[in-house]
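[1] fold the following and give me the result.
(chains A, B and C)
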Amino acid sequence: MPELPEVETVRAGLSKLLVGKTITEINFDWAKSFPNAPSDVDNFALHAKVTQVRRRAKVLMIDLSTDYSFVIHLKMTGQLVFRSANKNFGAGHPNNSLVGSLPDKSTRVIIEFSDSSTLFFNDQRKFGWVKLMPTTQIVELDFFKRVGPEPLTKEFTSKLFRQRAMRRKNSNIKSVLLDQSVLAGVGNIYADESLWGAKIHPSTPVIDISTRKLNVLRDEIVYVLQLSIDKGGSTDKNYVDAEGKKGSYMSFSRVFRREGLPCPRCGRIIIKTRVAGRGTHYCPGCQKPPKNN
DNA sequence: CACTTGACCTGTCCGC
DNA sequence: TGCGGACAGGTCAAGT
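    Alright, predicted model coming up:
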């Protein structure tokens, strides 16, 4: 589910809603969603205040006054939904929400605060997780050691993108964009969207893409990610923000989930195929396949 | 090494 | 209406 824009939207929402609140109780129903010992909760989370909510790549961090943090990965279907006291919306509430009253059958972790507000971690497919760990140890996680630059910082120059992409110069560009060690935060939606923007076929080996086109691709990545953040992310199936609201990027999508529809640039019919083991959308008119393919 | 496949899970959709 | 299979936005481990 969530890629950089969705996780960033959740982060911004939680930052407004949670900072300063004090944790009073934590419950969970699935050990893999929250693999900590109960004593960790007692010692490092109960009575702690939320100091900050951060994001790196697709990972969220909720920092606590105990110098511990919740490190959270939403994977495909994770949601973090906040409910203030006495505002547990029922199904059908006209608030642009996909979620009804909580907890529901997908709720894995429940964090309650001293003002009776609650944060629900829901995850239909149980791939996601919440881990409580010392804040300073987060950067020591293997994922954090390997992960590439944040695409929405000025560090992410055309030159850096080209250098890191060329580490996998013989690989197809789609799998390189999905490789979190090349750059952080791009997933299946924004890989397809940015490749369309740069008029590059997803199967093209990096080595066969000109410097000029790689520079365009870098700009398209930045463009689609920022546009999606402005739209509150993409809700294809499950994604909602911290208030349970859907994002609207999908109505701006040019190729993703638009198979069978005309390309907004050239009018050819968008094709869905499989590249790098993932469903992949592209326009056969303006994204020409590599010659030897 | 680099790439592909399978695993982790549940739910939905499609064809028979 | 039921059943089997394919598929879904992510990542990691194992296999080729």
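
[2] do you know the pLDDT at the closest residue to A:L261 other than its chain neighbours?
    Once flanking residues are discounted, A:L261 sits nearest to A:I270: 5.6 Å by C-beta to C-beta, 6 or more residues apart in numbering. For the C-beta atoms, the positions are set from N, CA and C on the backbone; glycine is no exception. According to the prediction, A:I270 has pLDDT 94.

[3] pretty sure A:I270 is touching A:R257, no?
    No - A:I270 is beyond contact range of A:R257, at 9.2 Å (criterion: C-beta atoms under 8 Å).

[4] overlap in contacts, these two.
    In terms of C-beta atoms under 8 Å, 6 or more residues apart in numbering, A:I270 and A:R257 are both contacted by the residues A:H281.

[5] the two: who's more crowded?
    In this view A:I270 and A:R257 are compared by other C-beta atoms under 10 Å, and A:I270 has more residues nearby, 23 against 15.

[6] contacting residues for the more buried one?
    A:255, A:258-263, A:281-283.

[7] out of the residues you listed, which end up buried?
    A:255, A:258, A:263, A:281-283 (16 or more other C-beta atoms under 10 Å).

[8] among these, which lie within strands?
    In strands, defined here by DSSP state E, the members of the buried ones among the contacts of A:I270 are A:281-282.

[9] part of a helix, is A:R11?
    Yes - judged by DSSP: H, G, I helix; E, B strand; the rest coil, A:R11 forms part of a helix.

[10] save the buried ones among the contacts of A:I270 as JSON lines, and put in distance to A:L160 and pLDDT too.
    Formatted as JSON lines, these follow (distance: C-beta to C-beta, whole Å; pLDDT from 0 to 100):
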{"residue": "A:V255", "distance to A:L160": "26", "pLDDT": "96"}
{"residue": "A:R258", "distance to A:L160": "31", "pLDDT": "95"}
{"residue": "A:C263", "distance to A:L160": "30", "pLDDT": "96"}
{"residue": "A:H281", "distance to A:L160": "27", "pLDDT": "95"}
{"residue": "A:Y282", "distance to A:L160": "26", "pLDDT": "95"}
{"residue": "A:C283", "distance to A:L160": "28", "pLDDT": "96"}
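
[11] quick check, the helix or strand where A:L132 lies touching DNA strand B?
    Using DSSP states H and E, A:L132 sits in strand A:129-134. No - between strand A:129-134 and DNA strand B, judged by C-beta under 7 Å from any atom of the strand, nothing touches; the nearest distance is 10.5 Å.

[12] what is the end-to-end distance of stretch A:28-46?
    14 Å (C-alpha to C-alpha, to the nearest Å).

[13] is A:N215 in a helix, a strand, or coil?
    Assigned by three-state DSSP, the conformation of A:N215 is helix.

[14] my bad, A:P149
    At A:P149 the chain is in coil, as set by three-state DSSP.

[15] minimum distance to DNA strand B, which residue of the stretch 151-293 of chain A gives it?
    DNA strand B sits closest to A:S171 of the stretch 151-293 of chain A, with a gap of 2.7 Å, by C-beta to the nearest atom of the strand.
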